[in-house]
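A.B. asks: build me a model:
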Amino acid sequence: MNSVSFGGIILIFLLVLGGLVVLIGLWAIAAYNRLVSLRNRFKNAYAQIDVQLKRRYDLIPNLVETAKGYLKHERETLEAVIQARNAAASASAAAAANPGDPNAMNQLRGAEAALGGVLTRFFALAEAYPDLKANQTMSQLMEELTSTENKVSFARQAYNDAVMTYHTARETFPTNILAGMFNFKEATLFEITDEKEKQAPQVKF
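C.D. replies: Down below sits the predicted model:
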């Protein structure tokens, strides 16, 4: 009897242990899949930023080309706009290849700040040329650029929200153990800390 009872206890113990292992395994699978889903979500959110940034980068050369005939003595400013645009486009491509990467996102933020600065100077300069302000193509391009800037802002907010949700899941115990085991890295927000940079460059034509 004693041997049978002991064997029964061992069996129950093994069944309970097996049940716990199964439960832990199911939790681990669910937690892993959730981390993957959240990581894909912020990457997809960045893809929306990338679409709008590319649209803006495509508009800028058209703006400069349109303004060339009016700003003949402002070659330095026009060249600075194109250089800043090219640098931002390069930084954006690097960020798109690895959304959330700290180095890529910081480089993009710096390039975008530089581009915003030269665009602001360009628009301020354009204000002094009535014929350029009256140019229909320029006005249309400006409207498209302003619309794109707004879309970039909304996409950036959606991306940052997705990153924060991912961070919360990644850093919460005990999921943080799983995140460390499977190398779910921290993602970097696309933040603009300078209040001047937060305002999209605009000009009233």
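
A.B. asks: what about the helices in the protein?
C.D. replies: Along the chain, the segments classed as helices by DSSP state H run 2-68, 75-97, 102-126, 130-133, 136-171, 175-181, 195-198.

A.B. asks: could you say which one of these comes nearest to L189?
C.D. replies: Of all these, it is helix 136-171 that lies closest to L189, at 4.9 Å by C-beta to C-beta. C-betas here are computed from N, CA, C, even on glycine.

A.B. asks: so which elements touch that closest one?
C.D. replies: Contact here means 3 or more C-beta pairs under 8 Å, 6 or more residues apart in numbering; DSSP states H and E; on that basis helix 136-171 packs against helix 2-68, helix 175-181.

A.B. asks: with mean neighbour count and mean pLDDT as extra columns, can I get those in TSV?
C.D. replies: Formatted as TSV, the helices and strands packed on helix 136-171 follow (neighbours: other C-beta atoms under 10 Å; pLDDT from 0 to 100):
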stretch	mean neighbour count	mean pLDDT
helix 2-68	14	90
helix 175-181	15	93
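
A.B. asks: tabulate those (a markdown table), appending distance to N98.
C.D. replies: Formatted as a markdown table, the helices and strands packed on helix 136-171 follow (distance: least, C-beta to C-beta, whole Å):
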| stretch | distance to N98 |
| --- | --- |
| helix 2-68 | 9 |
| helix 175-181 | 18 |
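
A.B. asks: out of these, nearest to M138?
C.D. replies: When the helices and strands packed on helix 136-171 are compared by C-beta to C-beta, helix 2-68 sits nearest M138, at 5.0 Å.

A.B. asks: now the closest one, how far from the chain's geometric center?
C.D. replies: Computed by C-alpha atoms, centre = their mean, to the nearest Å, the chain-centroid distance of helix 2-68 equals 18 Å.
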